[in-house]
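The following comprises the amino acid sequence and a computationally predicted model.
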Amino acid sequence: MGRNLSFEIFRYNPNQPTRPPRMQPYQLKETPGMTLYVALNQIREELDPSLMFDFVCRAGVCGSCAMIVNGIQRMACRTLTKDLLSHIRLMPLPVFKLIGDLSVDTGVWFKALNTRISSWIHTDLPFDPKKTEQPMSNRETMAIYEAERCIECGICIASCGTVLTRKTFLGAAGLNHIGRLLLDPRDQRKPRQYLDLIGTDEGIFCCFEMMACEDNCPLGLPLDVQMEFVRRKLGFIV
């Protein structure tokens, strides 16, 4: 027999400002292999259709279902209820704009981030639709593989003590992407241009090395190594 799970879920709809934020209880029977994603869908389908939360892929690829689970940033689709206590407290990620309940808008934040750091390949090569894509060697591809795996779930941002106190900090997600561009042979920008872009107290020099980003990254990305690479790469510029 499965356990009786007791949920406390944050509820607040910004479109109904007269109703204050609250924690709402739900009871659910645990089933084999149940994830938080499954549990939340069951609550919405059987107990409360007004509950708001995000999901797309259900496979830990889209990053949409990130939330705070018993005080720790997790992805609902990758979190098994059997690994949690029978009392489960769910909160939305901080930093990002609240849409409602457990749903937050990470898209606006990441769009602004990518605009700030010009996160696209910069090249003077003319576009020729008849040519094949510019190839990279296996060694070059593997060098950027880890950084490229970021799914922009927002967990590293929401768990960063610096971001919580300084909203303009690029965070691990931004610096990780800068490292990926520094390694990409197709990008023609010079290190000095990157230093001008992130060499401020809102960029690479703002990180306090608490590394909650790496501790909580659901994909286990080596964010500490990536940020140290960026520091060393830009630190040799005179």
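In hand now; what should we look at? Residues are numbered from 1 along each chain as shown.

can you pull out the helices in this structure?
With DSSP state H as the criterion, the chain has helices at 36-46, 106-116, 138-143, 145-148, 155-158, 161-165, 171-183, 191-198, 212-216, 223-235.

any chance of the ones you listed in CSV, plus distance to residue 72 and mean neighbour count?
Every C-beta, even on glycine, is put in place using the N, C-alpha and C of the backbone. Conversion of the helices of the chain to CSV gives the following (distance: least, CB to CB, whole Å; neighbours: other CB atoms under 10 Å):
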stretch, distance to residue 72, mean neighbour count
helix 36-46, 12, 18
helix 106-116, 18, 15
helix 138-143, 31, 12
helix 145-148, 23, 17
helix 155-158, 10, 27
helix 161-165, 14, 16
helix 171-183, 17, 23
helix 191-198, 29, 16
helix 212-216, 7, 20
helix 223-235, 17, 18
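
could you dump the ones you listed to TSV with distance to residue 58 and mean pLDDT?
Listed next are the helices of the chain as TSV, based on distance: least, CB to CB, whole Å; pLDDT from 0 to 100:
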stretch	distance to residue 58	mean pLDDT
helix 36-46	6	96
helix 106-116	17	93
helix 138-143	28	88
helix 145-148	22	88
helix 155-158	17	96
helix 161-165	27	89
helix 171-183	22	92
helix 191-198	35	86
helix 212-216	20	93
helix 223-235	25	86
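
Ok, which of those helices comes nearest residue 78?
helix 36-46 (8.4 Å; CB to CB).

Centre of the chain to the edge, which residue is at the far end?
Relative to the centre of the chain, the most outlying C-alpha is that of residue 130, 36.7 Å out, by CA atoms, centre = their mean.

before we move on, the earlier item: in TSV, list the helices of the chain along with distance to residue 61.
Converted to TSV, the helices of the chain look like this (distance: least, CB to CB, whole Å):
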stretch	distance to residue 61
helix 36-46	13
helix 106-116	15
helix 138-143	20
helix 145-148	13
helix 155-158	14
helix 161-165	24
helix 171-183	16
helix 191-198	27
helix 212-216	18
helix 223-235	19
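
wait, which of those is closest to residue 93?
helix 155-158 (4.0 Å).

What lies in contact with that closest one?
For helix 155-158, the surrounding residues in contact (CB atoms under 8 Å, 6 or more residues apart in numbering) are 63, 66, 68, 73-75, 93-96, 109, 163, 171-173, 212-214, 216-218, 223.

Counting neighbours, what do you get for the closest residue in space to residue 81 that isn't next to it in sequence?
Nearest non-adjacent residue to residue 81, counting by CB to CB, 6 or more residues apart in numbering: residue 34, 4.7 Å away. Residues lying near residue 34 (other CB atoms under 10 Å) number 19.

Now do the same contact list for residue 34.
With CB under 8 Å, 6+ apart, residue 34 has these contacts: 2, 80, 81, 82.

What are the phi and psi values at it?
Dihedral pair for residue 34: phi -70, psi 130, per degrees, to the nearest 10.

And it, how far from residue 83?
For residue 34, the distance to residue 83 (CB to CB, to the nearest Å) stands at 11 Å.

Same check on residue 3?
Applying CB to CB to residue 3 and residue 83 gives a distance of 12 Å.
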